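Undergrad: What follows is a predicted protein model with its sequence.
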Amino acid sequence: MSRLMRVLVHFAFFYTCVEGLVINVLYPATLPFIYKDIVLVVIYGAVLLPNLDRVISPSPLATRLNGMLVLFAGILAIYMVVPSPVNTMSELVAVKQRLFYVPLIVVAWFFIRSVDDLKGLLGAMAIYAIGVSLFGIYLFFVGPEGLRHLGGSFSAIIYTPPGPSQISDWRVPGTFTSPGQYGGYLMTNLIFVGGLLMTPKAERWLRVVGIVSVVTIVLAMLVSGSRAPLVLGTAGLGLVAIASGRLSRGAMWALLLYGVFAYGFVVFGPGVQDRMGSIVASQNLVRFQKTYFGQLFLPSLFANPLGSGLGLATIGARHFADLYQVVLVESYLGILAVETGWPGLIAFILVELSILQIIFSQYRLMTTSPYGMLWFALAVYVGLTILTLPVSTAIDHAPSNFYFWFAVGALIRLAELEYWRLWELQNEDTTGGAAGAEPEPAPTES
């Protein structure tokens, strides 16, 4: 990958942090919705086209995953010729949401020449997260007028339901178009930066930036009002520590997060306390049950086993179809079930299982790796995202769709680099590990 393309990858990551704010400020202009995608098209063309022979199967570890992705893409292609209740543009949006970010797996593979490339990228993400978090905290104190003053007019103004204190707070969207997207972004960065901080012998600047980033991220999570990302983010940090076998670090993180939460509750007031305290409220269980059995895929599958057509449940299709035509489903698997029935649902579940198989098959290898903590952070993030797809649309919208597929490619690449490192040690080869050297093929999937 050329230096220019590497810069563009970094820019794409930066732009994911501010894309929503750009959309908000420039709305009703529609081009801001695809600025990032234009950059990705350039990256795909420059990285994938000259390396088509390696793109087909860049890693033996991904052979099964590649097959399942081809199957999934083939089914979506078939459904493109099947009549749908929405127009062709809405169908294309659905295909784009499912497949456009998948090539980031290969981009990550080419981008990461050594672990230093990934550490540098995560360090940059930690810096971006500080600014994004502080902006969200600023909006919390100034209110919706702070966003309106910048010209933001796209995001809906959402308030938390009054709790025991009878205070309702604005759920700030930060630099995104919704508080849910903001919470998802913060959760992702909390896990990634946590893994970076747990990495042995990390550079001092990474540790300083990482600690500041974690503190500001947690405080921003409180003002976003997004409860699920807060739970998943803190649980993810614990899983990274447990999976690595370093429980003492888990205790340290628990104390740090406890202190940040306590500070946040004091600064942000009783409204935030009520919102976070409602995480374990019984009404959330009722809402979960209604979402799972009422809006999810089971009723749709029984009524239409082959689906009702692409674009019908894709929220992005609302830009090209009447809103009443789009079925709102709070589940990625539910979207697939509504649109493509059993064929699309089963194909994507096979994709999920292939990704999980890579994680579990390489787990033991990475426990002894010097950069295993980075791998565990990526693995926990990918695993948690997959486990929540029955009740979330995480990879159907920005920025989670971008981060998810890139993280899958990074997982594969780090495992390959570890095989290369062990091969060097066994053969006492001190020259083959230079930056940019290509590793020996990793063992194929068993």
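TA: That came through, no problem.
Undergrad: where in this structure is pLDDT low?
TA: Along the chain, the parts satisfying pLDDT under 70 run over 56-58, 160-166, 244-259, 261-297, 318-319, 321, 323-324, 428-446.
Undergrad: Quick check: the gap between the residue nearest the centre of it and residue 361.
TA: Geometric centre of the chain, nearest residue: residue 400, 3.0 Å, by C-alpha atoms, centre = their mean. In this view, residue 400 and residue 361 are 25 Å apart by C-beta to C-beta, to the nearest Å. (Glycine included, C-beta is placed from N, CA and C.)
Undergrad: The residue nearest to the centre of the chain - nearest residue in space that isn't next to it in sequence?
TA: Leaving aside its sequence neighbours, residue 400 sits nearest to residue 394 (C-beta to C-beta, 6 or more residues apart in numbering; 4.4 Å).
Undergrad: got a list of what that neighbour touches?
TA: 184, 332, 385, 388, 400, 401, 404 (C-beta atoms under 8 Å, 6 or more residues apart in numbering).
Undergrad: do the same with residue 107
TA: 9, 43, 44, 47, 48, 406, 409.
Undergrad: just checking, what packs against the longest helix seen in the chain?
TA: The longest helix of the chain (DSSP state H) is helix 332-367. Under the contact definition 3 or more C-beta pairs under 8 Å, 6 or more residues apart in numbering; DSSP states H and E, helix 332-367 sits against helix 63-80, helix 227-244, helix 297-303, helix 372-388, helix 400-427.
Undergrad: For the fourth one, buried residues please.
TA: Meaning helix 372-388. Of the residues in helix 372-388, 372-386, 388 count as buried by neighbour count, 16 or more other C-beta atoms under 10 Å.
Undergrad: Same question for stretch 224-239.
TA: 224-230, 232-234, 236-239.
Undergrad: What is the nearest of the residues you listed to residue 176?
TA: residue 224 (9.3 Å; C-beta to C-beta).
Undergrad: thought the closest one was touching residue 176?
TA: No: Residue 224 is beyond contact range of residue 176, at 9.3 Å (criterion: C-beta atoms under 8 Å).
Undergrad: Determine the residues that are contacts of both of the two.
TA: Joint contacts of residue 224 and residue 176 (C-beta under 8 Å, 6+ apart) are residue 182.
Undergrad: okay but residue 177 is in contact with residue 155, surely?
TA: Yes: taking C-beta under 8 Å as the definition, residue 177 is a contact partner of residue 155 at 5.0 Å.
Undergrad: hey, what's in contact with both of the two?
TA: Taking C-beta under 8 Å, 6+ apart as the criterion, residue 177 and residue 155 both touch 20, 24.
Undergrad: Spatially, which two of the buried residues of stretch 224-239 are the most separated?
TA: 225 and 239, at 23.9 Å, using C-beta to C-beta across the buried residues of stretch 224-239.
Undergrad: which non-adjacent residue is nearest residue 182?
TA: residue 174 (4.0 Å).
Undergrad: On the three-state scheme, that neighbour is what?
TA: Under DSSP: H, G, I helix; E, B strand; the rest coil, residue 174 falls in the coil class.
Undergrad: Contacts only, for it.
TA: Applying C-beta under 8 Å, 6+ apart to residue 174 gives the contacts 20, 21, 132, 133, 135, 136, 139, 182, 185, 220, 224.
Undergrad: hang on, the fourth one packs against residue 219?
TA: Yes: because the distance of 6.7 Å satisfies C-beta under 8 Å, residue 133 is recorded as touching residue 219.
Undergrad: who's more crowded, the two?
TA: In this view residue 133 and residue 219 are compared by other C-beta atoms under 10 Å, and residue 133 has more residues nearby, 29 against 23.
Undergrad: name the element the more buried one belongs to?
TA: helix 115-142 (DSSP states H and E).
Undergrad: now residue 205
TA: helix 204-224.
Undergrad: That helix versus helix 115-142: what angle between them?
TA: Here the directions of helix 204-224 and helix 115-142 differ by 40 degrees (axes from the mean of the first three to the mean of the last three C-alpha atoms, to 10 degrees).
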